[in-house]
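>>> with the sequence up front, the predicted model follows.
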Amino acid sequence: MGPITPKYIDLQREPIPARLDQAKEVLKIEAEGILGLIDRLGPEFEAAVDLILASKGRVIVTGIGKSGLVGRKISATLNSTGTPSLFLHPTEAIHGDLGMVMKRDVILALSNSGETEELNQIIPDLKGMGVSVIAMTGRSNSTLARNSHVVLNVGVDREACPLGLAPTASTTATLAMGDALSVVLLTKRGFQERDFYRFHPGGNLSERLSLRVAEVMLTGDDVPVVTPDMPMIAAIAKIDRMDLGVTLVADNAGVLKGIITDGDLRRAFLKGSLTDRRVEDVMIKQPKAVGPDQLASEVLEIMEENLITCLPIVDSRGGILGIVHLHDLLGRGKFKFTVK
């Protein structure tokens, strides 16, 4: 068999605009499906959140077919944002996997029609175990809805499929509702950035941010340090030579007394010449500092909250141990906030 000759599209003959129009219509329909959920949010959504927050167990997400695929994603999002979750396939549940469900769990059951036989077959058994059931369905009068404690209506006016057969807008709406539920639960639990990093240990960035700051800080001769009585010209030379945009200020015992950044230099220069001034006249006293055992992710959070790029690392007496720059946490070119 010879090589396959690629087909080159003749833009003069191929009806590209018609294809684009259809693609735009699909996106419009799916967007409408999501926007239609907004006005339906109310007491039922609040009840679903309260049920999950009150639970001492996990959210067991279940569904079959396309709903099952969406359910797996919702379960993954819940897990990564602080709500323990498992996916339960209804067919496998019938054949023994119901044993993974405990009374303290909450069931999140997905079915657009609400008439999925395999799913409805296990709901009475789950309720018999004393488990609360939250349904995500497009039909509030369906069998699934009638047998659930809370119903989240994720129905859409139409599918993006021109045949009205393939689940498209309905699955998008269900996925969006799952995201809404996950994010609200994240906020209610006080889930923080450092928690996210702890649940995502894979990858270079996550691995780096899970380290103690002592493992990534600069030390020794790489730490720019001047004394309060030094001329500002010497401090400027130090900042320029070390290429961190900052110098720490310490007394003769090595105890942190202040900091001078590029921004401090600009502001001081606007007030007059720096030629005759000393470090103690310009430095910011009592700068923010962290201990060596602080997580890199926590240090990143401090930097972002205070819009700074460097933090001194000190011991219990305030002695300088090192300095950490945002680049040391994220790598070159990663930060995007504006530095004061």
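The structure has been received and is ready for your questions.
>>> wait, isn't Asn153 in contact with Asp39?
No - at 10.4 Å, Asn153 and Asp39 do not qualify as touching, with contact defined as C-beta atoms under 8 Å. C-beta coordinates here come from the backbone N, C-alpha and C atoms, glycine included.
>>> between the two, which is the more surrounded one?
The neighbour comparison of Asn153 against Asp39 (other C-beta atoms under 10 Å) goes to Asn153, with 20 against 7.
>>> who does that one form a beta bridge with?
Thr137 (DSSP bridges).
>>> and the strands in this protein?
59-62, 85-88, 106-111, 132-137, 150-153, 225-226, 246-250, 256-261, 284-285, 310-314, 320-325 (DSSP state E).
>>> which one of those lies nearest to Leu35?
strand 150-153 (14.1 Å; C-beta to C-beta).
>>> could you chop this protein up by domain?
Domain segmentation of the chain under automatic domain parsing yields 19-191, 213-330.
>>> with mean pLDDT added, can I get those domains in a markdown table?
Formatted as a markdown table, the domains of the chain follow (pLDDT from 0 to 100):
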| stretch | mean pLDDT |
| --- | --- |
| domain 19-191 | 91 |
| domain 213-330 | 89 |
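>>> just to revisit the earlier point, just put the strands of the chain in JSON lines and tack on distance to Gly291.
Formatted as JSON lines, the strands of the chain follow (distance: least, C-beta to C-beta, whole Å):
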{"stretch": "strand 59-62", "distance to Gly291": "37"}
{"stretch": "strand 85-88", "distance to Gly291": "35"}
{"stretch": "strand 106-111", "distance to Gly291": "40"}
{"stretch": "strand 132-137", "distance to Gly291": "43"}
{"stretch": "strand 150-153", "distance to Gly291": "45"}
{"stretch": "strand 225-226", "distance to Gly291": "18"}
{"stretch": "strand 246-250", "distance to Gly291": "15"}
{"stretch": "strand 256-261", "distance to Gly291": "12"}
{"stretch": "strand 284-285", "distance to Gly291": "20"}
{"stretch": "strand 310-314", "distance to Gly291": "7"}
{"stretch": "strand 320-325", "distance to Gly291": "9"}
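>>> for the ones you listed, which one sits closest to Leu218?
strand 320-325 (5.3 Å).
>>> what does that closest one rub up against?
213-214, 216-219, 222-225, 244, 246, 248, 250, 254-256, 292, 296, 299, 309-315 (C-beta atoms under 8 Å, 6 or more residues apart in numbering).
>>> ok, stretch 211-222 next?
By C-beta under 8 Å, 6+ apart, stretch 211-222 touches 208, 242, 244, 290-296, 299, 313, 321-325, 328-329.
>>> the stretch 101-250 of the chain: helices as residue ranges?
All helices of the stretch 101-250 of the chain, identified by DSSP state H, counting those that start in this stretch, fall at 117-128, 143-146, 169-188, 193-199, 204-209, 232-242.
>>> buried ones in the second one?
For helix 143-146, a neighbour-count test (16 or more other C-beta atoms under 10 Å) marks Thr143, Leu144, Ala145 as buried.
>>> kindly report the same for the last one.
Of the residues in helix 232-242, those buried by neighbour count under the rule 16+ other C-beta under 10 Å are Met232, Ala235, Ile236, Lys238, Ile239, Met242.
>>> just want the angle from it to strand 320-325.
With axes from the mean of the first three to the mean of the last three C-alpha atoms, to 10 degrees applied, the angle from helix 232-242 to strand 320-325 works out at 60 degrees.
>>> other SSEs contacting helix 232-242?
strand 225-226, strand 246-250, helix 262-270, helix 279-282 (3 or more C-beta pairs under 8 Å, 6 or more residues apart in numbering; DSSP states H and E).
>>> right, so the ones you listed: which one is the most enclosed?
For the helices and strands packed on helix 232-242, average neighbour numbers computed from mean count of other C-beta atoms under 10 Å are highest in strand 246-250, which has a mean of 25.
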